[in-house]
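Peer 1: Predicted model, plus sequence, below.
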Amino acid sequence: MIIDLPQTSTRELGKKLVEAQEHYTLTTGRVLTLITMAYATDDLDALLTAVRDASHEHPSRVIVIVDDKEAAAGEENSLDAQLRVGGEAGASEIVVMHLHGDLAHHADSVVTPLLLPDTPIVAWWPTDCPERPSEHPIGALAQRRITNVAHRHRGRDLDSLSAGYLPGDSDMMWAFITPWRGVVASALDRHPHEPVESVTIEGPKQSSAVDIAAGWLADRLGVPVRRTYSTDDNPDWFPIRHLALHRATCPVTIDVVDQFTLKITVPGTPESLVALSSRSTAETISEELRHLDADATYAHALRALSQITYD
């Protein structure tokens, strides 16, 4: 069910949420409040679909704040909202808020009355994100802050997140490469168990997924890591096109074969194929919401970015 609330207030929104819990919401227990920072130019329907799908694993109160960067200066202060419950919100309740005028600069004050008591608060920037999420007014409210530097496609944006990192920060690219990291660990667990002496990792120049993977390998293996650039830019393929773990005899390699497949080559064993495709936004945000404590491994991967050699 979708309830439009033009020219409303947080008090009225609070009343409608109570009514929704009594009559329309599919679940009574919510594990967190997810504040999603969106922009008028974003694909809002896609974002709402992602949080709805993720809600089946994480029943939440989702507050979507839509910032209109193109709004005229001096616009009258007002709040237009939409409440989504039932089938439109999955196992959550979704509040979409359009802030107008100076109200847009005080989003933290606007959302505070709507936060669930005694539950974690997560801030998510699915598109443009601040370089220091913990210093953003919404980020200051949250125990977990999730960014998405890949949206900007500028490359090396993780360096700015590393400089401003505080425990509780994370980025969607970290969860995006989780299945791939499992494949790498499995490949290294095969005979012969020789130490890795150096690493070469290749992918598109603008891919932060390749950068964070390189940082992870540099930190976990403690060896030189060389980051090279692939010549193809097929957006449907997994971005880490090639990985070579160099050892004394010959390397372990992991290569992208097509949109859904990796090829693993380990000395002394037949080549093996593993199914792996790019994860959806819903899958990625679902994984991020499973771990609300500080992610030390991610922090170490960010710290190790300075050790990587770029070609």
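Peer 2: Looks like it came in fine.
Peer 1: How about the residue nearest to the spatial centre of the chain: what's its closest non-neighbour residue?
Peer 2: For the chain, residue 172 is the residue whose C-alpha lies nearest the centre (Cα atoms, centre = their mean; 2.2 Å). Among residues not flanking residue 172 along the chain, residue 148 sits closest, at 4.5 Å (Cβ to Cβ, 6 or more residues apart in numbering). C-beta: built from backbone N, CA, C; applies to glycine.
Peer 1: same deal with residue 78?
Peer 2: Among residues not flanking residue 78 along the chain, residue 100 sits closest, at 4.6 Å (Cβ to Cβ, 6+ apart).
Peer 1: how about the one you found, what does it touch?
Peer 2: Residue 100 makes contacts with 68, 71, 75-80, as judged by Cβ atoms under 8 Å, 6 or more residues apart in numbering.
Peer 1: tell me the least confident of those residues?
Peer 2: Looking at those by pLDDT, the weakest one is residue 71, with 57.
Peer 1: all strands of the stretch 151-300 of the chain, in order?
Peer 2: 169-171, 198-203, 225-229, 242-246, 252-258, 261-265, 272-275 (DSSP state E, counting those that start in this stretch).
Peer 1: picking that back up, any idea how far residue 106 is from the residue nearest to residue 78?
Peer 2: Plainly put, residue 100 is 12 Å away from residue 106 if you go by Cβ to Cβ, to the nearest Å.
Peer 1: which other residues reach the helix or strand containing residue 15?
Peer 2: According to DSSP states H and E, residue 15 maps onto helix 10-23. The contact list for helix 10-23, computed with Cβ under 8 Å, 6+ apart, reads 1, 3, 5, 28, 61, 79, 81, 83, 85, 93, 95, 110, 113-114.
Peer 1: Can I get the buried part of the residues you listed as one PyMOL selection?
Peer 2: If you want just the buried ones from these in PyMOL, going by 16 or more other Cβ atoms under 10 Å, the selection is:
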select buried, resi 3+5+61+79+81+83+85+93+95+110+114
